[in-house]
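Student: got a structure for you, letters missing:
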């Protein structure tokens, strides 16, 4: 099967390539933030992203585990890259849209598809969740959601290929 990257997956891969990050062991949120010109602060309250006249900061709750901090960093980076301004004045539906978009970005950014494709999946899904969790420093729940998202992508690609084959044989 030839995996077809989504535009978001391509964007994440491009970003990592620009940062010269090719394998999970090179991923470090402090150096990523620095290389992107984003101030990174560890705080005693909820994680957030701030834009002050084009100067971006990501605030990460210091009481979270390193895995949760990495996941929050991915989420807040999604806001920095795709959203601007304050959510205070936005309708609830649009806030929900932005949050879903940032959550999806975090899944792709924290466990990039181009790196995930290089892993050899263990025999069971539980072992795969553990491998993704430890390899990419994410919680098992996050790893499970990422694998489910990845499986859905593969199913969609497979269905699309079979559909095209069926159409072309008519």
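Tutor: Thanks, I have the structure now. From a predicted model like this one, the values you see are computed outputs, not experimental measurements.
Student: Does the longest helix along the chain pack against any helices or strands, and if so which?
Tutor: Secondary structure of the chain read by DSSP state H shows that its longest helix is helix 140-168. Packing partners of helix 140-168 (3 or more CB pairs under 8 Å, 6 or more residues apart in numbering; DSSP states H and E): helix 92-110, helix 113-116, helix 125-136. (Each C-beta comes from the backbone N, C-alpha and C, glycine too.)
Student: Distance from the chain centre to the longest one, please.
Tutor: Just to be clear, that refers to helix 92-110. Between the centre of helix 92-110 and the centre of its chain there are 10 Å (CA atoms, centre = their mean, to the nearest Å).
Student: now swap in stretch 109-124 and tell me
Tutor: How far stretch 109-124 lies from its chain's middle: 13 Å, per CA atoms, centre = their mean.
Student: Number of residues surrounding residue 35?
Tutor: Residues contacting residue 35 under the criterion other CB atoms under 10 Å number 13.
Student: From residue 110, how far off is it?
Tutor: The gap separating residue 35 from residue 110 is 17 Å, by CB to CB, to the nearest Å.
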